[in-house]
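> Build me a model from this:
(one chain, ligands or ions: 1)
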Amino acid sequence: MKTVSINPRSSVPKYSQLREILLDLIEAELAYDALIPSERELVDRYGLSRMTVRQAINNLVAEGRLYRVAGKGTFVARPKVEMPLRLTSFTEDMIARGQRPGSRDLERSIDGASGQVARALGLNLGDAVHAMVRLRTADLVPMAIERSYIPVQVAPGLEDVTLTDRSLYEILATRFGVALDHGEQTIEAGIVDAEDAPLLGLRPGSAVLLVERRSFAQGRPVEFTISTYRGDRYQLHVGLDVTLPPLAGALGAMRV
Ligand code: GLP
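Okay, here's the model as predicted:
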């Protein structure tokens, strides 16, 4: 481990300085699931109080960079999963990352569409929809809870098909001939609720990403899903283009 020291005269709080040191250590030297030095070692090495060390570690745990195992210590977390911005399934995303996708049916029913579901799927209030709540895992680690609604008309008989460790999109395509060709998605920050927290292995009040997706087949909305993704396991990355103001663009073109 490189010895970088804490600058007591810096305006940057000591716990933030230690956080930076630990981040460098995580990125440069430690593989995921590696044990980081104990609080006591960090106290001795950097001449900090136990409280300061704990605060730096707590922040990194909350950010999803480290995780604790009771009685064992604190470990480096896996890199976060890039949330895909394409119409792909959870199963495809995990396989593409070399992880084993999993799915557990938590609830399955046929319900009357609520206002929100009816609007999203272009149905009338009370029209029959398949409602399903699934826990999604990657290499057995909980990643997301997905609440999906599909018009019964689109997939009659889906209620008899287990979705445990199966891909909904694949079943829609192979059993019901529904080929999704378009989607739209809204992503916003949220706080995990009391029901989802234990299923996702999160403390109450942890950050999550709430993803609402509508997917279409031949112009018709066929799926509405509200997914709760672990905030400590997902991140979003987008490329940014520069748009030239119209005048600058025109002048540029004239010069050519
Ligand atoms: C993603 C989407 C969900 C979709 C799911 C289907 O996770 N956010 O809206 O229902 O993929 O995944 P699978 O086909 O693996 O069940």
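> what's the strand or helix carrying residue 186 packed up against?
Per DSSP states H and E: residue 186 is located in strand 182-191. Applying 3 or more C-beta pairs under 8 Å, 6 or more residues apart in numbering; DSSP states H and E, one finds that strand 182-191 contacts strand 207-217. For every residue, glycine as well, the C-beta is placed using N, CA and C.
> same for the helix or strand just after the strand it packs on, what does it pack against?
In the C-terminal direction, the helix or strand that comes right after strand 207-217 (DSSP H and E) is strand 220-230. On a contact count with 3+ C-beta pairs under 8 Å, 6+ apart, strand 220-230 meets helix 115-121, strand 141-151, helix 168-176, helix 196-200, strand 207-217.
> how about these, which one is nearest residue 60?
strand 207-217 (14.0 Å; C-beta to C-beta).
> List the neighbouring strands of the closest one plus their orientation.
strand 182-191 (antiparallel), strand 220-230 (antiparallel) (DSSP bridges).
> closest to residue 243 out of these?
Comparing the strands paired with strand 207-217 by C-beta to C-beta, strand 182-191 comes nearest, at 21.7 Å.
> how about the strand holding residue 186: buried residues?
Neighbour-count burial for strand 182-191, counted by 16 or more other C-beta atoms under 10 Å, picks out 183, 185, 187, 190.
> What sits closest to the second one if chain neighbours are left out?
It refers to residue 185. residue 213 (4.7 Å; C-beta to C-beta, 6 or more residues apart in numbering).
> my guess is that neighbour meets residue 229, correct?
No. Checked against C-beta atoms under 8 Å, the pair residue 213 and residue 229 is beyond contact range at 11.5 Å.
> neighbour-wise, which of the two wins?
residue 229 (22 against 18; other C-beta atoms under 10 Å).
> Can you verify my assumption that the more buried one contacts residue 138?
No. Checked against C-beta under 8 Å, the pair residue 229 and residue 138 is beyond contact range at 11.2 Å.
> Arrange the buried residues of strand 182-191 in a markdown table, one row each, with distance to residue 243 and pLDDT as further columns.
Listed next are these as a markdown table, based on distance: C-beta to C-beta, whole Å; pLDDT from 0 to 100:
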| residue | distance to residue 243 | pLDDT |
| --- | --- | --- |
| 183 | 24 | 97 |
| 185 | 22 | 95 |
| 187 | 22 | 95 |
| 190 | 30 | 97 |
